[in-house]
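Peer 1: below are the sequence and a predicted model for it; my questions follow.
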Protein chains: 2
Amino acid sequence: MFPNFHAVIMAGGSGTRLWPLSRRRRPKHLLALLESATLFQGTVARLQGMFPAERVWVVTVRDQADALQAQAPTIPAENYLPEPAPRGTASVVGLAAVALQKRDPQAVMAVLPSDHYIRNVARFHRLLEAAYLLAQEGFLVTLGITPTYPATGYGYIQRGEPLGVYAGLEAYRVLRFKEKPDQATAEAMLAQGGHSWNSGMFVWRVDAILAEIRRQMPDLAAALDEIAAVWGTPQQEAVLSRVWPTLRTETVDYGVMEGAQQVAVIPAEGLGWSDVGSWESLFDLLEADAEGNILRGGVHVDVDAHNNLVFVQDGHQEKLVAVLGVENMVIVETEDALLVCPREQSQRVKEIVKVLQAKGLENYL
Amino acid sequence: MFPNFHAVIMAGGSGTRLWPLSRRRRPKHLLALLESATLFQGTVARLQGMFPAERVWVVTVRDQADALQAQAPTIPAENYLPEPAPRGTASVVGLAAVALQKRDPQAVMAVLPSDHYIRNVARFHRLLEAAYLLAQEGFLVTLGITPTYPATGYGYIQRGEPLGVYAGLEAYRVLRFKEKPDQATAEAMLAQGGHSWNSGMFVWRVDAILAEIRRQMPDLAAALDEIAAVWGTPQQEAVLSRVWPTLRTETVDYGVMEGAQQVAVIPAEGLGWSDVGSWESLFDLLEADAEGNILRGGVHVDVDAHNNLVFVQDGHQEKLVAVLGVENMVIVETEDALLVCPREQSQRVKEIVKVLQAKGLENYL
């Protein structure tokens, strides 16, 4: 549709928020949580009809590159951009911008997390179209999610003046970014209106984002210049490996967006978006049986059990999970670990991860 | 101590009350639930100092005989009495009485379940001594357990007139046996006093029990006569295999004790007795950590978790069980099954077993 529009999937994460299923070596985007496809494959599939495969890029860390290529072989090998090591999303965005600019100096890039879920693909495409049009004017565009509850786990974006209607969607100048709020602040923002969740999805021209990086993060810009000078030459790997470890780890939100000059937000509604950020989030995404139980994998017997999520890792289809007299519980069974916790406390699995680290139980991380 | 005193361990059960650990082919008495020894081995060990091995007998079903002999090799092979098939404790008692009478017509037999736990062995021996002395007078003696709470899972025995003091313990004629009561009846009996739980442990002379079987269960007596006629001859197996399947399944409690003429009870206190009849019963028998959690087998991480029982089957020591924000829960992990249920509902695992039967999931039984 737009020949200079590229999608950049950020697939380098190693989150443990869905522990014990997600692990260091088995990050969330490589898991088939919601369907037979992994979240990464779902992210790639959602781009069909908007981006041909040669304009889909994947930034990842080196030890995930092979697994990702195996999952999405239609994306050209040269479009996989492996970071030598994770250095935050600011560096990821800079590296991708450098690579895209070499391919197409007029490129507009959509930055997309690899581990989110979006149910309404048509609406997602419309949103990207609107963001593209706005980005063409020089804006750094954030895709905002209209809040449905006073979440404390997301950053918020406050709208400023209207910028007009793009592809049928209203766009606004960003008044300010707000970090993850406490409960009272979240409730106040929801009551006040005019706020969106920061989805981590962005659209901008590569020259625009590189100019903002140069203005606000001169060290990163200098490193990117060094990399750009040898990009596509035999020296590329050596320079990347030398320069990358010297970078300061920073997110694009704090490093660039909060201080950027021309920032817009397009509030998205009806997207059916989830960051799949905790076991509890799956209650909204997976279908429950008549008793409210969500049963994935394994063999199940439920007696007087309601509204539980029971997840058995692939490859253990013979495992019987019997739940009796239990409600609102998350039960996750993997090869080497079992998690039992109440649904409303599932975001606390990070505390388990900390204990495992403190005890040196690396095998389970 | 008493050269005509024999112990008969009843080890034919196949209970599923500790499912998923106990199974048809892995009955409770063959499990090492409380220590490194199995409950059966514990039962055998408790007899040391009171019964030499040649006066310890084991009645079991044929497909458990090998496993039991392997666990208690000091007991002579000829003291293992395999039933062709389970026919209830009345038949078990009759068979054992026939075998003992052949060995010693003056024998006094103690009938002991194989899957109970008794902490205070010295007191247990004293109780057996008292029961032996009373049995020598012709009484069928039941060992009663002084109730500590209004249990609905046990039968009760109401005391009648005092019979005197035996080995320092008071004995009473039995006024009546009462089936497992409802909650209100149990509370009333506890308030009234004079009631003991029926432990399933009995002591009697073989001639006395055989006389009562003849009086009350003439069909069983006739079958036992047939068996006795060929006991120790080459025809023993053939007759047993022919006669046994014709027997009516009956318990010794209903079939003999309730209608018997000379029945006594010795109330036992301080025995530290448990029938280990449910997962909840283990809370009284196993030591908890500072948070009240009982953790057996596996690797454990507990965050804000209290008063749980987490049991990982032997052979899965690498399995990590992480429990977060959970209290009073029973979590049992075996090779092929996982149980999660609240402590106070653990006696309901039989409902899970019923579902498994109804669904034809025989593998898990």
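Peer 2: Structure's in. What do you need?
Peer 1: make it CA atoms for all contacts and neighbour counts henceforth
Peer 2: Fine.
Peer 1: packing partners of the one helix or strand A:Leu112 maps to?
Peer 2: Element membership of A:Leu112, judged by DSSP states H and E, is strand A:108-113. With contacts taken as 3 or more C-alpha pairs under 8 Å, 6 or more residues apart in numbering or on different chains; DSSP states H and E, strand A:108-113 sits against strand A:5-10, helix A:121-136, strand A:195-205.
Peer 1: what does the helix or strand following that strand rub up against?
Peer 2: Using DSSP H and E, the helix or strand that follows strand A:108-113 in sequence is strand A:117-118. Strand A:117-118 has contacts (C-alpha atoms under 8 Å, 6 or more residues apart in numbering or on different chains) with A:Leu39, A:Gly42, A:Thr43, A:Phe124, A:Leu271, A:Gly272, A:Trp273, A:Ser274, A:Asp275, A:Val276.
Peer 1: one more pass at 7 Å, please.
Peer 2: Strand A:117-118 has contacts (C-alpha atoms under 7 Å, 6 or more residues apart in numbering or on different chains) with A:Leu39, A:Leu271, A:Gly272, A:Trp273, A:Ser274, A:Asp275, A:Val276.
Peer 1: and the last one, that's in a helix?
Peer 2: Okay, so that is A:Val276. No - applying DSSP: H, G, I helix; E, B strand; the rest coil, one finds A:Val276 to be coil, outside a helix.
Peer 1: before we move on, the earlier item: between the strand holding A:Leu112 and strand A:5-10, how many degrees?
Peer 2: If you take axes from the mean of the first three to the mean of the last three C-alpha atoms, to 10 degrees, strand A:108-113 sits at 30 degrees to strand A:5-10.
Peer 1: how many neighbours does the residue lying closest to A:Val121 once chain neighbours are set aside have?
Peer 2: In space, and not counting its chain neighbours, A:Val121 is closest to A:Arg46: 6.3 Å by C-alpha to C-alpha, 6 or more residues apart in numbering or on different chains. Other residues within reach of A:Arg46, judged by other C-alpha atoms under 10 Å in any protein chain shown, total 19.
Peer 1: surely A:Arg46 touches A:Asn120?
Peer 2: No - A:Arg46 is beyond contact range of A:Asn120, at 9.4 Å (criterion: C-alpha atoms under 7 Å).
Peer 1: bridge partners for the most centrally placed residue in chain A, pull those for me.
Peer 2: What sits nearest the mean C-alpha location of chain A, by C-alpha atoms, centre = their mean, is A:Pro113, with 2.7 Å. Here A:Pro113 sits in beta bridges with A:Met10, as judged by DSSP bridges.
Peer 1: okay, it and chain B: tell me how far apart.
Peer 2: 29 Å (C-alpha to the nearest C-alpha, to the nearest Å).
Peer 1: ok, that residue - contacts?
Peer 2: A:Pro113 makes contacts with A:Ile9, A:Met10, A:Ala11, A:Gly200, A:Met201, as judged by C-alpha under 7 Å, 6+ apart.
Peer 1: and the contacts of stretch A:350-365?
Peer 2: So stretch A:350-365 is in contact with A:Thr16, A:Arg17, A:Arg23, A:Arg24, B:Val301, B:Val303, going by C-alpha under 7 Å, 6+ apart.
Peer 1: for the third one, grab phi and psi.
Peer 2: The phi and psi values for A:Arg23, taken as degrees, to the nearest 10, are phi -140, psi 170.
Peer 1: pretty sure it contacts A:Thr16?
Peer 2: Yes - assessed by C-alpha under 7 Å, A:Arg23 is found in contact with A:Thr16 at 5.7 Å.
Peer 1: who has more neighbours, those two?
Peer 2: Neighbour count, other C-alpha under 10 Å: between A:Arg23 and A:Thr16, A:Thr16 has more, with 21 against 18.
Peer 1: who's in contact with the more buried one?
Peer 2: Counting by C-alpha under 7 Å, 6+ apart, A:Thr16 has contacts A:Ser22, A:Arg23, A:Lys350.
Peer 1: which one of those sits closest to A:Glu287?
Peer 2: A:Ser22 (20.9 Å; C-alpha to C-alpha).
Peer 1: list the contacts for the residue lying closest to A:Arg205 once chain neighbours are set aside?
Peer 2: Closest residue to A:Arg205 apart from its sequence neighbours, by C-alpha to C-alpha, 6+ apart: A:Val108 at 4.1 Å. Shown in contact with A:Val108 (C-alpha under 7 Å, 6+ apart): A:Asn4, A:Phe5, A:His6, A:Trp204, A:Arg205, A:Val206.
Peer 1: flag every residue of chain A that's near chain B.
Peer 2: Chain A has residues A:301, A:303, A:318-326, A:336-342, A:352 near chain B, with proximity defined as C-alpha under 7 Å from any C-alpha of the partner chain.
Peer 1: give me the PyMOL select line for the residues you listed, limited to the buried ones.
Peer 2: Only the buried members of the residues of chain A next to chain B enter the following PyMOL selection, criterion being 16 or more other C-alpha atoms under 10 Å in any protein chain shown:
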select buried, chain A and resi 301+303+319+320+321+322+323+324+325+326+336+337+338+339+340+341+342+352
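Peer 1: among the residues of chain A next to chain B, which are in helices?
Peer 2: Among those, DSSP state H puts A:Ile352 in helices.
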